[in-house]
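1. give me coordinates for this.
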Amino acid sequence: MTTQQELDFNFNEDQMRLKIRALEQTLEKIHLGGGKTRIEKQHESGKLTARERIDQLLDHGTERIEIGAIAGHDMYSEHGGCPAGGVVIVIGYVSGRQCIVVANDATVKAGAWFPITGKKNLRAQEIAMENKLPIIYLVDSAGVYLPMQEEIFADKEHFGRIFRNNAKMSAMGITQIAAVMGNCVAGGAYLPIMSDESLIVDKTGTIFLAGSYLVKAAIGENIDNETLGGATTQTEISGVCDYKVSNDQECLEKIRDLMSRIGQQDKIGFDRSTPLEPALPLEMAYGLIPADRNKPYDTKELLQTIIDDGSMNEYKSEFGKTLITTYARIKGWSVGIIANNRTVVKNAKGEMQFGGVIYSDSADKAARFIMLCNQKKIPLVFLHDVTGFMVGSKSEHGGIIKDGAKMVNAMANSVVPKFSIVIGNSYGAGNYAMCGKAYDPRLIVAWPTAEIAVMSGAAAAKTLLQIEVAKLKAKGEIIDPVKEKELLDKIKSRYDAQISPYYAASRLWIDAIIDPKETRKVIAMGIEMATHQGSLPEYKIGVIQT
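-> Numbering: from 1, shown residues only. Presented below is the predicted three-dimensional model:
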């Protein structure tokens, strides 16, 4: 490296570490749920918190991926907030079996369901259904958050979809185990009973369609909650639950025992060899990504921090250079990688092409590579740093829409598992072509440097400013340069907040924001998860313009 390159690398690294520390601080606050006082009350009532339950349930020392930790972040402030969406979801291992765990956080509004809670629970079930992954529910919830019931109750992707999915998963043979470890009321009472097996904790777990107060109001009966729907009632009298356990610890051990007895299922034989470490240290990625998102960088060098050493075998390296398509291995797993090349390149005609932009030739190459990976049963990994497709008369006359549609068609119909890592920009149709959330990636995560939007903050602000200035001029107002700059700054500030990865993560457009050095773990665990699917459907593709 030259002195300037070293300075740039060190600056980039410092900026990345600051972003990672900001992420850690945000997560530390989120992990407190409803706060220390409510955690203490949970302990006083003889209950563990949602995160403590998950820690005790999962195999000690094994890897895990938390889904949607930032869900609900900076949302519902008028209702006191909803850290992590009031539910903790983790992909991990129980008795050696990979599974997904869903635990209500009773320190957040007694575990009540906000709209984002429903969306997050449905995401967990979607992952379980796509990958035929066992799912464990640790139930401790007061049910729907009534002040927002109209946003959680009646629609297709609302609360009731959970129970529909319970039934569908049961028919698919996906193991579902539910433990009633606190409140389980009203419509929510169906979830544990629609699972394969259910447990209930004595004296702290209760399950009923209506609590004692509502029973008194509805039919005039005087009864306490324990007699109405406690562990003894629901295991010895009604038979609603299968196992009565004395405390949280015994409940979690019982679940571990039940999981240990599950038979092995058929798995997809995705190719895996002996894992190797990357050629470059994982943390070197910190200095390779420019703090200025407009600056180019060596994407192939960045790949060497993610893939196994010596595993790169690039497809059509001299054609369509603004996209890198390459076979590689990640922790031994064979993968096909499609990455936006952020260096400025020359095409065969000697014309300069901008890094991070998808041109006709690169879209055409990617479409063919996606089809090849499907034919060979190789999982796909998309690394986003894309500003979109090339625009202008030359591109339009050359059929950029046709070639872009070809790539989107091939990707959308892909049957092999797809994983998306948003490392930088992910704008407009580029987000779609690179397998954004709308295109069913098995997992989609972002680095702290990610930006997800229709276009960059600067471009959007200038576009919106032109519209705003035109409106004001139409009213006869004179716009001087100072006022114009004030308008631009105001618009850009609003747009920049929406382009942040936190904004995307809070709404579950992405599953998580991760430290770049966790990228290999996410992909490897994701592919292992996908092997449980058993088999892949036939790869078919529709009509494509050629």
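2. mind checking the SS state of the residue located most distally from the centre of the chain?
-> Distance from the C-alpha centroid of the chain, by Cα atoms, centre = their mean, peaks at G476 (47.8 Å). Here G476 is coil, with the state taken from DSSP: H, G, I helix; E, B strand; the rest coil.
3. residues in contact with it?
-> Residues near G476 by Cβ atoms under 8 Å, 6 or more residues apart in numbering: none. Where you see a C-beta, it was placed from the backbone N, CA and C, and this is true even at glycine.
4. looking at it now. What's its pLDDT?
-> On the pLDDT scale, G476 is placed at 79.
5. distance of it from R53?
-> According to Cβ to Cβ, to the nearest Å, G476 stands 64 Å off from R53.
6. what does A279 give?
-> Going from A279 to R53 by Cβ to Cβ gives 40 Å.
7. looking at E150 now. What's its pLDDT?
-> E150 is given a pLDDT of 87.
8. got it, and L57?
-> At L57, pLDDT is 98.
9. repeat that for the one 4 residues further on.
-> In the predicted model, G61 carries a pLDDT score of 96.
10. now swap in K349 and tell me
-> According to the prediction, K349 has pLDDT 82.
11. can you give me the strands for the stretch 201-350 of the chain?
-> 206-208, 243-245, 313-315, 323-330, 333-340, 345-346 (DSSP state E, counting those that start in this stretch).
12. list the buried residues for the third one?
-> Buried positions in strand 313-315, judged by neighbour count with 16 or more other Cβ atoms under 10 Å: Y315.
13. that strand pairs with which strands?
-> Strand partners for strand 313-315, identified by DSSP bridges, are recorded as strand 323-330 (antiparallel).
14. got it, and the shortest one?
-> Here the strand partners of strand 345-346, with direction, are listed using DSSP bridges: strand 352-353 (antiparallel).
15. same question, the second one
-> Strand 243-245 has the following strand partners under DSSP bridges: strand 197-201 (parallel).
16. average pLDDT for the partner strand?
-> Taken as a whole, strand 197-201 has a mean pLDDT of 97.
17. same question, stretch 66-73
-> 97.
18. between the two ends of that stretch, how far is it?
-> Using Cα to Cα, to the nearest Å, the end-to-end distance of stretch 66-73 comes out at 15 Å.
19. quick one, phi psi at the residue farthest from the centre of the chain?
-> When read as degrees, to the nearest 10, the backbone of G476 gives phi 90, psi 10.
20. would you say S420 is within a strand?
-> Yes - counting by three-state DSSP, S420 is located in a strand.
21. wait, isn't it in contact with C435?
-> Yes - under the criterion of Cβ atoms under 8 Å, S420 makes contact with C435 at 4.8 Å.
22. what touches both of these two?
-> By Cβ under 8 Å, 6+ apart, the residues touching both S420 and C435 are 382, 441, 444.
23. closest one of the residues you listed to G34?
-> I444 (28.0 Å; Cβ to Cβ).
24. find the nearest non-adjacent residue to the closest one, please.
-> In this structure, I444 finds its nearest non-sequential neighbour in S420, 4.2 Å apart by Cβ to Cβ, 6 or more residues apart in numbering.
25. can you pull the pLDDT of that neighbour?
-> S420 is assigned a predicted lDDT (pLDDT) of 98.
26. who's it bridged to?
-> Beta-bridge pairing of S420 under DSSP bridges involves F382, I444.
27. now stretch 317-333: buried residues?
-> By 16+ other Cβ under 10 Å, the buried positions in stretch 317-333 come out as 320-331, 333.
28. all helices of the stretch 351-500 of the chain, in order?
-> 360-375, 393-397, 400-412, 428-433, 457-474, 481-499 (DSSP state H, counting those that start in this stretch).
29. who's in contact with the longest one?
-> Contacts of helix 481-499 from elsewhere in the structure, counted by Cβ under 8 Å, 6+ apart, are 451-453, 456-458, 460-462, 464-465, 468-469, 479, 503.
30. looking at those, which is nearest E28?
-> Proximity of the contacts of helix 481-499 to E28 (Cβ to Cβ) peaks at Y503, which lies at 19.7 Å.
31. so the closest residue to the closest one other than its chain neighbours versus E486, what's the distance?
-> Counting by Cβ to Cβ, 6+ apart, the nearest residue to Y503 once its immediate chain neighbours are dropped is A497, at 6.4 Å. Here A497 is placed at a distance of 17 Å from E486 (Cβ to Cβ).
32. likewise H73?
-> As for H73, its distance to E486 is 29 Å (criterion: Cβ to Cβ).
33. of the two, which one has the most company?
-> A side-by-side neighbour count of H73 and E486, using other Cβ atoms under 10 Å, places H73 first with 23 against 11.
34. show me what contacts the more buried one?
-> By Cβ under 8 Å, 6+ apart, the contact list for H73 reads 26, 30, 83, 502, 505-506.
35. could you look up the SS state of it?
-> Going by three-state DSSP: H73 is coil.
36. and it, backbone torsions?
-> Phi and psi for H73, reported as degrees, to the nearest 10, are phi -60, psi 130.
37. and it, how far from P83?
-> 8 Å.
38. any idea of the pLDDT on the closest residue to G542 other than its chain neighbours?
-> The shortest distance from G542 to any non-neighbouring residue, by Cβ to Cβ, 6+ apart, is to N409 (6.2 Å). Confidence at N409, expressed as pLDDT, is 95.
39. count the neighbours of N409 for me.
-> Using other Cβ under 10 Å as the criterion, N409 is surrounded by 18 other residues.
40. I'd like the numbering to begin with 18 instead of 1 from here.
-> Right, with 18 as the first residue, what we last looked at is N426.
41. who's in contact with it?
-> Residues in contact with N426 (Cβ under 8 Å, 6+ apart) are 384, 558-559, 561.
42. quick check, nearest of the buried residues of stretch 334-350 to P313?
-> Nearest to P313 among those, counting by Cβ to Cβ, is T339 at 11.2 Å.
43. chain neighbours aside, what residue packs nearest to the closest one?
-> Using Cβ to Cβ, 6+ apart, the closest residue to T339 is S379 (4.6 Å).
44. got it, and R81?
-> Nearest residue to R81, sequence neighbours excluded (Cβ to Cβ, 6+ apart): G109, at 3.9 Å.
45. what lies in contact with the helix-or-strand element of the chain with minimal mean pLDDT?
-> Ranking every helix and strand in the chain by mean pLDDT, DSSP states H and E puts helix 474-491 at the bottom, with a mean of 77. Outside of helix 474-491, the residues within contact range by Cβ under 8 Å, 6+ apart are 468, 470-472, 496, 501, 504-505, 508-509, 512-513, 516.
46. mind checking which of those residues are buried?
-> Neighbour-count burial (16+ other Cβ under 10 Å) applied to these gives 468, 470, 472, 504-505, 508-509, 512-513, 516.
47. where exactly do the helices run in the stretch 168-317 of the chain?
-> Under the criterion DSSP H, counting those that start in this stretch, helices of the stretch 168-317 of the chain are mapped to 178-189, 207-210, 229-236, 242-246, 248-249, 265-277, 302-305, 316-320.
48. on that earlier part again, neighbour count: A296 and R70, which is higher?
-> Counted by other Cβ under 10 Å, A296 and R70 do not tie: R70 has more neighbours, with 25 against 16.
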